[in-house]
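S.K.: Need the 3D shape of this:
(one chain, ligands or ions: 1)
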Amino acid sequence: MKQVLILSILSLFILAQSKTGETHMTENEHKSEKEWQTCLTPEEYSVLRKKGTERPFTGKYYKYMEDGTYVCAACGNELFSSKTKYDSGSGWPSFYEAIAEGKINYKEDNSLGTARIEIQCANCDSHLGHVFDDGPKPTGKRYCINSVSLDFEKTK
Ligand code: FE
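M.R.: Have a look, this model is predicted:
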(Lines give C-alpha, C1' and ligand atoms only; values in the text may rest on other atoms or scores of the structure.)
Protein backbone atom coordinates (compact mmCIF):
# COMPACT_ATOMS: atom_id res chain seq x y z
CA MET A 1 0.00 0.00 0.00
CA LYS A 2 2.78 2.33 0.97
CA GLN A 3 4.53 1.64 -2.36
CA VAL A 4 1.38 2.47 -4.33
CA LEU A 5 1.14 5.77 -2.49
CA ILE A 6 4.77 6.63 -3.19
CA LEU A 7 4.32 5.70 -6.85
CA SER A 8 1.21 7.89 -7.14
CA ILE A 9 2.98 10.85 -5.59
CA LEU A 10 5.93 10.30 -7.88
CA SER A 11 3.80 10.16 -11.03
CA LEU A 12 1.90 13.28 -9.96
CA PHE A 13 5.23 15.02 -9.51
CA ILE A 14 6.41 13.94 -12.97
CA LEU A 15 3.10 15.03 -14.51
CA ALA A 16 3.40 18.46 -12.87
CA GLN A 17 6.96 18.79 -14.14
CA SER A 18 6.05 17.97 -17.71
CA LYS A 19 3.10 20.37 -17.62
CA THR A 20 5.38 23.19 -16.44
CA GLY A 21 7.80 22.34 -19.21
CA GLU A 22 5.10 22.54 -21.83
CA THR A 23 4.07 26.07 -20.93
CA HIS A 24 7.61 27.31 -21.48
CA MET A 25 8.16 25.58 -24.78
CA THR A 26 6.60 26.71 -27.99
CA GLU A 27 7.42 25.48 -31.46
CA ASN A 28 8.75 28.93 -32.28
CA GLU A 29 11.65 28.63 -29.90
CA HIS A 30 12.86 25.58 -31.73
CA LYS A 31 12.65 26.67 -35.34
CA SER A 32 15.85 26.27 -37.33
CA GLU A 33 17.12 29.06 -39.56
CA LYS A 34 15.94 27.02 -42.53
CA GLU A 35 12.43 26.82 -41.11
CA TRP A 36 12.41 30.57 -40.48
CA GLN A 37 13.45 31.15 -44.06
CA THR A 38 10.50 29.17 -45.34
CA CYS A 39 7.84 30.70 -43.07
CA LEU A 40 8.94 34.36 -43.33
CA THR A 41 9.14 36.65 -46.35
CA PRO A 42 12.71 37.59 -47.40
CA GLU A 43 12.21 41.07 -45.91
CA GLU A 44 10.87 39.66 -42.62
CA TYR A 45 13.73 37.17 -42.47
CA SER A 46 16.38 39.85 -42.99
CA VAL A 47 14.97 42.04 -40.20
CA LEU A 48 13.67 39.47 -37.68
CA ARG A 49 16.39 36.86 -37.98
CA LYS A 50 19.36 38.82 -39.36
CA LYS A 51 18.84 42.05 -37.38
CA GLY A 52 18.26 44.17 -40.46
CA THR A 53 16.62 47.60 -40.36
CA GLU A 54 13.84 48.77 -42.65
CA ARG A 55 14.32 52.14 -44.29
CA PRO A 56 12.77 54.93 -42.18
CA PHE A 57 9.39 56.40 -43.24
CA THR A 58 8.63 53.32 -45.34
CA GLY A 59 7.12 50.85 -42.85
CA LYS A 60 3.42 50.07 -42.79
CA TYR A 61 2.97 51.00 -39.10
CA TYR A 62 5.01 54.15 -38.69
CA LYS A 63 1.97 56.43 -39.16
CA TYR A 64 -0.64 53.86 -38.16
CA MET A 65 -2.79 54.96 -35.20
CA GLU A 66 -5.59 52.37 -34.88
CA ASP A 67 -6.58 50.98 -31.46
CA GLY A 68 -5.23 47.52 -30.81
CA THR A 69 -2.22 45.39 -30.00
CA TYR A 70 1.07 45.00 -31.86
CA VAL A 71 2.38 41.44 -31.85
CA CYS A 72 5.59 39.77 -33.03
CA ALA A 73 5.37 39.13 -36.79
CA ALA A 74 7.27 35.86 -36.35
CA CYS A 75 5.35 34.23 -33.47
CA GLY A 76 2.36 36.37 -32.42
CA ASN A 77 3.73 37.26 -28.98
CA GLU A 78 1.97 40.44 -27.72
CA LEU A 79 4.50 43.29 -27.57
CA PHE A 80 2.96 46.78 -27.50
CA SER A 81 -0.39 48.45 -26.94
CA SER A 82 -1.44 51.15 -29.40
CA LYS A 83 -2.07 53.30 -26.28
CA THR A 84 1.71 53.70 -25.87
CA LYS A 85 2.47 54.48 -29.53
CA TYR A 86 3.56 57.98 -30.47
CA ASP A 87 5.17 59.82 -33.37
CA SER A 88 8.84 60.19 -32.51
CA GLY A 89 9.69 61.71 -35.89
CA SER A 90 12.23 58.94 -36.46
CA GLY A 91 10.31 57.27 -39.28
CA TRP A 92 9.86 54.02 -37.35
CA PRO A 93 6.92 52.97 -35.15
CA SER A 94 7.72 54.19 -31.64
CA PHE A 95 6.32 53.20 -28.27
CA TYR A 96 7.13 54.41 -24.77
CA GLU A 97 6.44 51.09 -23.02
CA ALA A 98 6.23 47.33 -23.61
CA ILE A 99 2.77 45.78 -23.15
CA ALA A 100 3.94 43.71 -20.17
CA GLU A 101 7.07 42.62 -18.37
CA GLY A 102 8.76 39.53 -19.78
CA LYS A 103 7.54 40.02 -23.36
CA ILE A 104 10.78 41.56 -24.56
CA ASN A 105 14.45 40.71 -24.05
CA TYR A 106 17.08 43.42 -23.86
CA LYS A 107 20.58 42.84 -25.28
CA GLU A 108 23.67 45.00 -25.43
CA ASP A 109 24.46 45.91 -29.04
CA ASN A 110 27.84 47.45 -29.78
CA SER A 111 27.60 47.23 -33.56
CA LEU A 112 27.92 50.40 -35.69
CA GLY A 113 30.44 51.76 -33.17
CA THR A 114 27.79 52.82 -30.65
CA ALA A 115 26.42 51.23 -27.49
CA ARG A 116 22.74 50.53 -27.98
CA ILE A 117 20.17 48.26 -26.42
CA GLU A 118 18.70 45.83 -28.90
CA ILE A 119 15.26 44.45 -28.17
CA GLN A 120 14.11 40.97 -29.11
CA CYS A 121 10.87 39.04 -28.81
CA ALA A 122 11.19 37.05 -25.57
CA ASN A 123 9.29 34.13 -27.08
CA CYS A 124 11.19 33.53 -30.32
CA ASP A 125 14.31 35.76 -30.03
CA SER A 126 13.44 37.66 -33.20
CA HIS A 127 14.96 41.11 -33.65
CA LEU A 128 12.46 43.94 -33.13
CA GLY A 129 14.54 47.13 -32.93
CA HIS A 130 16.27 49.18 -30.23
CA VAL A 131 15.26 51.08 -27.11
CA PHE A 132 16.58 54.57 -26.31
CA ASP A 133 16.32 56.95 -23.36
CA ASP A 134 14.87 59.92 -25.27
CA GLY A 135 11.20 58.96 -25.13
CA PRO A 136 8.24 60.86 -23.67
CA LYS A 137 6.72 60.65 -20.19
CA PRO A 138 5.86 58.62 -18.21
CA THR A 139 8.77 56.23 -18.96
CA GLY A 140 11.22 58.38 -20.94
CA LYS A 141 11.82 55.35 -23.17
CA ARG A 142 11.61 55.15 -26.95
CA TYR A 143 11.10 51.66 -28.30
CA CYS A 144 12.09 52.10 -31.94
CA ILE A 145 10.61 49.16 -33.85
CA ASN A 146 10.69 47.90 -37.42
CA SER A 147 7.17 47.68 -38.90
CA VAL A 148 8.35 44.46 -40.53
CA SER A 149 8.78 42.91 -37.06
CA LEU A 150 5.15 43.66 -36.15
CA ASP A 151 1.65 42.47 -36.90
CA PHE A 152 -1.42 44.32 -35.66
CA GLU A 153 -4.52 43.01 -33.95
CA LYS A 154 -7.34 45.53 -33.94
CA THR A 155 -9.43 46.00 -30.77
CA LYS A 156 -12.90 44.62 -31.49
FE1 FE B 1 8.33 36.31 -31.52
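S.K.: so how far is residue 30 from the nearest residue to residue 147 once chain neighbours are set aside?
M.R.: Leaving out its chain neighbours, the residue that sits closest to residue 147 by C-beta to C-beta, 6 or more residues apart in numbering is residue 59, at 2.7 Å. Backbone N, C-alpha and C define where each C-beta goes, glycine included. As judged by C-beta to C-beta, to the nearest Å, residue 59 and residue 30 stand 29 Å apart.
S.K.: related to what we said a few turns ago, so the residue nearest to residue 147 makes contact with residue 152?
M.R.: No. Judged on C-beta atoms under 8 Å, residue 59 makes no contact with residue 152 at a distance of 11.7 Å.
S.K.: what comes into contact with stretch 134-147?
M.R.: 47, 52-54, 59-62, 70, 79-80, 86, 88, 90, 92-98, 119, 127-133 (C-beta atoms under 8 Å, 6 or more residues apart in numbering).
S.K.: and with 7 Å instead?
M.R.: Outside stretch 134-147, the residues within contact range by C-beta atoms under 7 Å, 6 or more residues apart in numbering are 47, 53-54, 59-62, 80, 86, 88, 90, 92-98, 119, 128-133.
S.K.: end-to-end on it?
M.R.: 20 Å (C-alpha to C-alpha, to the nearest Å).
S.K.: Now the closest residue to residue 60 other than its chain neighbours. Its backbone dihedrals?
M.R.: Using C-beta to C-beta, 6+ apart and skipping the chain neighbours, the partner closest in space to residue 60 is residue 147 (4.9 Å). Backbone torsions of residue 147, given as degrees, to the nearest 10, read phi -60, psi -40.
S.K.: what are the bridge partners for the residue most central in space within the chain, then?
M.R.: Geometric centre of the chain, nearest residue: residue 121, 2.4 Å, by C-alpha atoms, centre = their mean. Taking DSSP bridges as the rule, residue 121 bridges to residue 104.
S.K.: That one: what's it in contact with?
M.R.: 72, 74, 75, 77, 79, 104, 128 are the contacts of residue 121 under C-beta under 7 Å, 6+ apart.
S.K.: how near is it to residue 104?
M.R.: 7 Å.
S.K.: residues in contact with residue 43?
M.R.: Contacts of residue 43 by C-beta under 7 Å, 6+ apart are residue 148.
S.K.: where do the helices sit along this structure?
M.R.: Secondary structure of the chain (DSSP state H): helices located at 2-24, 33-39, 42-44.
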